[in-house]
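Asker: Pasting the sequence and the predicted coordinates here, then a few questions.
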Amino acid sequence: MKGNLFKTRMGIITAGSVIGVIAALLAYLGNPKNMGFCIACFERDIAGALGLHRAAVVQYVRPEIIGIIAGALIISLIKGEFKPRGGSSTIIRFFLGVFAMIGALVFLGCPWRAFIRLAGGDWNAILGILGLIVGIGAGSFFIRKGYSLGRSYPQGRAAGYIMPGFFIIVFAMMVFGFSKLFMSESGPGAMKAPFIISIIAGLIVGILAQRSRFCTMGSIRDVILVKDFHLMSGVAAFTAAVFVMNLILGQFKAGFEAQPIAHTMHLWNFLGMTLAGFAFSLAGGCPGRQLILSGEGDTDAGVFVAGMLVGAAFSHNFAMASSGKGIGEFGAWGTIIGLVFCLVIAYTMTQKRKTA
Amino acid sequence: MDTIDARGLSCPQPVIMVTRAVVEGKTEFTVLVDSEASFENVTRYLESKKYTCKTEEKDDHTVISASK
């Protein structure tokens, strides 16, 4: 296979740093505070724009998401890495996506945002990251025991274009001003960096993340499973870059209280991310990585993303999503049911170790 | 010679399968992978364990021959 400039340690550190700088700049240019990039939040906003949930403050077709998946599609086509594939326990992946989103919205952020919040001085993120480590640790435990969702197989080319195509069409609907989309007039959904900047930022991040295999969940998992710090160095560079940029832009504010789009219920910050981390590790990637894989033609990852959109709808429709005031009325239920689901999947999909 | 068929498996399973072979002390084996990410992960791991990797491109997958 061909050489890849970004597979080196320097490559992943460069990619992580650039993505971090872009994340801090996007918040500076109008995205919600400590939310330059949040895959879970932004997919939730898209679910809102489609009317899958009616939380009026979080509805917007975030161009960053479209940029990421389109960037991954374009670069993987150029590099010959666009390979439509699927069929690895697809329905399980859908529900892992649903519950990953429910957990992420209890914490209020995907792993990317957890590190961005940390780099912005939001100490509530520490609880979230600890939860993430515990959740990924649980997933890694089962992976070591032989957990597998089975092989995927090559599929027809059309299959690989479905998810990128879906997002591009939703984006086109917004660009051409389709009036039935739901758009926030206030709240986080109305806080946005200029549209052109958002789409370009997304494309750059999509390309860099595709080349470098940047993955927050994988960074923690690889350290736990094989003591490999490759991806971790990228995530560390990402966090450091956001931190430095926040200092430069005056966006750093340390403390637990009154942090932007965050709550201080430590137990649920921890457990929400435990659920998300567990689900991501069972599915083999953080939400950002799932988007990238979808762009490469991985239809299983595409189904996981679809699950996240539906999970966002459940979260808001059934009062499971948190707000600045704390967790939603049924957030605890969603988290616990999700953890039970992940445990059952992890246990039942773990086969006796066969000799390779 | 042992062959580890990691085609179609998502990360980190290819690497986990290879770690088992390494832990068992196998000095020569081949690994079949069909994605760039798996290829990079497997060769990075093997090289960190001082294995030499030779690669051969097939139609729809890559054969990594590891030895030390």
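Answerer: Received, thanks. Predicted model, so just to flag it, every value in this text is computed and none were measured. Residues are numbered from 1 along each chain as shown, chains lettered A, B, ... in the order given.

Asker: Quick check: residues of the stretch 1-150 of chain A near chain B?
Answerer: Counting by CB under 8 Å from any CB of the partner chain, the residues of the stretch 1-150 of chain A close to chain B are A:1, A:4, A:7, A:79, A:81, A:83, A:85, A:88, A:143, A:144, A:148, A:149. For glycine as for every other residue, the C-beta is placed from the backbone atoms N, C-alpha and C.

Asker: Okay, and residue 18 sits in which element?
Answerer: By default, I'm working from chain A. Counting by DSSP states H and E, the element that carries residue A:18 is helix A:9-28.

Asker: Chain B, not that one
Answerer: For residue B:18, the element it lies in under DSSP H and E is helix B:13-23.

Asker: Contacts for that helix, please.
Answerer: When contacts are taken as CB atoms under 8 Å, 6 or more residues apart in numbering or on different chains, the neighbours of helix B:13-23 outside the stretch itself are A:143-144, A:148, A:225-226, A:228, A:353, A:356, B:2, B:4, B:6, B:9, B:29, B:31, B:33, B:38, B:41-42, B:45-46, B:49, B:51, B:66.

Asker: repeat that for 6 Å
Answerer: Identification of contacts with helix B:13-23 by CB atoms under 6 Å, 6 or more residues apart in numbering or on different chains yields A:148, A:356, B:4, B:6, B:29, B:33, B:38, B:41, B:42, B:45, B:49.

Asker: how about the nearest residue to the fourth one, chain neighbours excluded?
Answerer: The spatially closest residue to residue B:6, leaving aside those adjacent along the chain, is residue B:14, at 3.5 Å (CB to CB, 6 or more residues apart in numbering or on different chains).

Asker: now that neighbour: how far from residue A:70?
Answerer: Computed as CB to CB, to the nearest Å, the residue B:14 to residue A:70 distance reads 28 Å.

Asker: And residue A:134, by the same measure?
Answerer: Between residue A:134 and residue A:70 the distance is 34 Å, computed by CB to CB.

Asker: Can you classify residue B:64 by secondary structure?
Answerer: Applying DSSP: H, G, I helix; E, B strand; the rest coil to residue B:64 yields a three-state assignment of strand.

Asker: Can you classify the nearest residue to it once chain neighbours are set aside by secondary structure?
Answerer: Across the structure, with CB to CB, 6+ apart as the measure, the residue nearest residue B:64 apart from its sequence neighbours is residue B:31 (4.4 Å). For residue B:31, the secondary structure call by three-state DSSP comes out as strand.

Asker: Can you name the residues bridging to residue B:31?
Answerer: Assessed by DSSP bridges, residue B:31 has beta-bridge partners residue B:4, residue B:64.

Asker: In contact with it, which residues?
Answerer: For residue B:31, the contacting residues are B:4, B:6, B:42, B:64, by CB under 6 Å, 6+ apart.

Asker: how about the helices in chain A?
Answerer: A:9-28, A:39-49, A:63-78, A:90-107, A:111-119, A:124-145, A:157-175, A:195-212, A:216-226, A:230-249, A:266-283, A:287-295, A:299-317, A:331-348 (DSSP state H).

Asker: Quick check, the residue in chain B closest to chain A?
Answerer: When you check chain B against chain A by CB to the nearest CB, the closest residue turns out to be residue B:8, at 3.3 Å.

Asker: And for that residue, the neighbour number?
Answerer: Residues near residue B:8, counting by other CB atoms under 10 Å in any protein chain shown, number 22.
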